[in-house]
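Enquirer: Show me the folded form of this:
(2 chains)
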Amino acid sequence: MNNMISLILITIGIIFNLLGCIGIIRLPDTYNRLQAATKAVTLGCCSILLGVVFHFGLSDAGTKALVAIPLLFFGSTVAAHALIRGTYHFGIKLGGKSVKDDYKDVVK
Amino acid sequence: MKRNNGERAKGRRYVAVFILSVIFWLLLTFDFTVPNLIVGAIASIITSLAFTRFFVKNVYKLLQPKRYFWFIVYLVVFIWECLKANLDVAYRVLHPAMPIRPGIVKVKTSLKSDLAKMLLANSITMTPGTITVDIIDDYLYIHWIYIKSEDPEVYTGIITGAFEKYIKRIIE
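Expert: Predicted coordinates for the structure are as follows:
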């Protein structure tokens, strides 16, 4: 039963990672690519780690995987935020499809 | 006398950060031998000295069970929102015409403490389709992959509505 759950979770994780990679290739500009690169992939990795937890149970490997989830979570959100803010301050324009930009009033 | 109280509260915050770091270290290494405990204690002392100033002001908030209850409710809501938005972004990525309307919107938040704002910004970033670009005072600047509405009140509700009330109950 546990093996079944872990298999399903790891499969879901790999599918989300794949979608993230397709997103990086298909989306038009840096900002949208960051969306795909940082998030679909993080959810995918969290899902895979949860699968590992179910596979090993709460032994040492399982506990480490469980602790790695919040670590990955906070690490990747802060990284995404820093990257996108850095991109904007570096002077890269929003892509041609963009409809709105409230942030340009703040950045001189 | 008052100053003495302030210093004691500060000391409690250091102790709380130290204890949490030790627990985290033990879970991460999963090794309960003496040398490992000593290394963990040294690392935790450094962590508490460096990062206590970012920790919650009132340590007793950590001991109130109802905050943990709301945290669990929040976690369920968050995972649900996250999955929904992830499927939404997956649809946009796979659709041949790629229906996206990206842009940066400005959203007002009613949360006051830095920790609460941080948690809100992290939740928004982690929900696919939105990334927090910057926080300036009470305003969050958010890059959104598909702007559903031009009306500030409507999109504020869509972005922060699900999380804000829970975060308020957890932290404030």
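
Enquirer: Just the strands from the chain, written as ranges.
Expert: No chain in the question, so chain A it is. A:100-101 (DSSP state E).

Enquirer: The intended chain is chain B.
Expert: B:103-108, B:130-136, B:139-144.

Enquirer: What does the pLDDT read for the residue of chain B found nearest chain A?
Expert: Residue of chain B nearest chain A, by CB to the nearest CB: residue B:103 (3.4 Å). From N, CA and C alone the C-beta is placed, and that goes for glycine too. Model confidence at residue B:103, given as pLDDT, is 80.

Enquirer: Can you report how many residues neighbour it?
Expert: By the criterion of other CB atoms under 10 Å in any protein chain shown, residue B:103 has 21 neighbours.

Enquirer: And the residue nearest the centre of chain B, how far from residue B:44?
Expert: Taking CA atoms, centre = their mean, the centroid of chain B lies closest to residue B:119, which sits 2.1 Å from it. Using CB to CB, to the nearest Å, residue B:119 is found at 23 Å from residue B:44.

Enquirer: repeat for residue B:26
Expert: Counting by CB to CB, the gap from residue B:26 to residue B:44 is 10 Å.

Enquirer: These two - which one has more neighbours?
Expert: Neighbours were counted for residue B:26 and for residue B:44 using other CB under 10 Å; residue B:44 has more, 20 against 17.

Enquirer: so what pLDDT did the residue lying closest to the more buried one once chain neighbours are set aside get?
Expert: In space, residue B:44 comes closest to residue B:21 once its chain neighbours are excluded; the distance is 3.7 Å by CB to CB, 6 or more residues apart in numbering or on different chains. In this model, residue B:21 is scored at 89, pLDDT.

Enquirer: Would you confirm that residue B:21 contacts residue B:43?
Expert: Yes - using CB atoms under 8 Å, residue B:21 is in contact with residue B:43, at 7.1 Å.

Enquirer: show me the biggest helix of chain B in terms of residues.
Expert: Selection of the longest helix in chain B by residue count, based on DSSP state H, yields helix B:65-94.

Enquirer: How far does it sit from its chain's centre?
Expert: Computed by CA atoms, centre = their mean, to the nearest Å, the chain-centroid distance of helix B:65-94 equals 13 Å.

Enquirer: Which strands or helices does it pack on?
Expert: Here helix B:65-94 touches helix A:2-26, helix A:41-56, helix B:114-126, helix B:152-171, going by 3 or more CB pairs under 8 Å, 6 or more residues apart in numbering or on different chains; DSSP states H and E.

Enquirer: Next, the buried residues of the longest one.
Expert: The one in question is helix A:2-26. A:6, A:9-10, A:12-13, A:16-17, A:19-21, A:23-24, A:26 (16 or more other CB atoms under 10 Å in any protein chain shown).

Enquirer: Counting by contacts, list what it packs against.
Expert: Looks like helix A:2-26 contacts helix A:30-35, helix A:41-56, helix B:65-94 (3+ CB pairs under 8 Å, 6+ apart).
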